[in-house]
Each structure stands twice: as structure tokens, then as C-alpha cells.
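build the 3D model from these lines:
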Amino acid sequence: MAKRSKIAQAAFELAEPVAKEMGYDLVDAEYKKEGQDTFLRLFIDRKGGINVDDCENFSRVIDVIFDEKLTHDADYFEVSSPGLTRPLSDHADYLRYEGEKIDVNLFAEIEGMKTFVGLIKSSDKDAVTFEVEEKKTTKTVTVEYKNISKAVRHIEF
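Numbering: from 1, shown residues only. Sure, this is the predicted structure:
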């Protein structure tokens, strides 16, 4: 779980069931002071990604709930995508991006690789299995989450 302020955690706990009901994954919440203003931001995602309409729809629904139940007001409230290059941090992230390519950096070499691009084949609570192309062959590599220093979605233009 991400380290959040008490206000961000309260917002996360109120918003998470609503996000699930609407078909989204609530990825994170933050409550930050920027200059003289405070911002409450929620980050939603789902398999296939989200768009501006998704953010607007979720914002409209959750704003009413926050007005009734959240004890702290922010100067600004935003709902956003976590971004294409947000690091994958937990099992839910790997499930969401199953079937997609990921740039992976490891703390130590596994099967002669410390960095690679792998297609997520499957994951469980402890590890993720990648399909990796290497020298015109494909191999399957299973890596425990604790051995991954960074993993982000692979972007091809």
C-alpha cells in the first residue's frame, strides 16, 4: 500500500468501493499543499486504460460523497489517470496489465538478465511470470516482486 496522509487515506477508503462499483481501480490518493493551495487527487485506472470522460464521471459521483463524508476540504479536487509510466507496485497492477509488455529492472541478475522487456503472462500474490524474447528465442521467466526494482509499461511509438 502506498504511504498516504490521513486525509488521503480517508478519501481513498471512501472512494475505493465506488470506483470498484463503476468498473475502475482506485490506484492512489494524495493530499498535497502546492503553493498556498491544497489539492486532493485520486488516480483511477482499469484494463485498457481510462479517458477524460471516465475521470469526469468518477469525479462527479465521488464529489457528492466527499461533500457529505470527508471532514477536510481541499482547495482543488482532481481525478486523473496514474500515467503511462507510473511504476507497477502491486499484484493488482500486474493483473491490470496482463498481456502487455513491461520494462523490468531487477535488483540482481536472474537467468543472466538484470533488465529486460517482458510480456506479462500471469501473476499471483508473490511473483509475476514474463515471456521474454532473447536472441530470436522466447523464454519464460518468473520473478518474485521483491526482486523487481522497477517495472513500467513498455511504450512503443
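
tell me the contacts of the most centrally placed residue in the chain?
Compute the mean C-alpha point of the chain, and by CA atoms, centre = their mean the closest residue is Val27, 4.8 Å away. Each residue near Val27 by CB atoms under 8 Å, 6 or more residues apart in numbering is listed here: Phe43, Ile44, Asp45, Pro82, Arg86, Asp93. C-betas here are computed from N, CA, C, even on glycine.

just the buried members of these?
Phe43, Ile44, Asp45, Pro82, Asp93 (16 or more other CB atoms under 10 Å).

now those as a markdown table including pLDDT?
Output for the buried ones among the contacts of Val27, formatted as a markdown table (pLDDT from 0 to 100):
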| residue | pLDDT |
| --- | --- |
| Phe43 | 96 |
| Ile44 | 96 |
| Asp45 | 93 |
| Pro82 | 89 |
| Asp93 | 90 |
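
between which two of those is the distance greatest?
Using CB to CB, those span at most 13.1 Å, a distance reached by Ile44 and Asp93.

OK, contacts around His72?
Ile7, Ala10, Tyr31.

make it 6 Å
His72 makes contact with Ile7 under the criterion CB atoms under 6 Å, 6 or more residues apart in numbering.

any idea how far it is from Phe12?
13 Å (CB to CB, to the nearest Å).

just to revisit the earlier point, which helix or strand contains the residue nearest to the centre of the chain?
For Val27, the host element (DSSP states H and E) is strand 25-34.

run the chain-centre distance for that strand.
Centroid separation between strand 25-34 and its chain, computed with CA atoms, centre = their mean, to the nearest Å, is 12 Å.

equivalent analysis for stretch 78-91, please.
Distance, stretch centre to chain centre, for stretch 78-91: 4 Å (CA atoms, centre = their mean).
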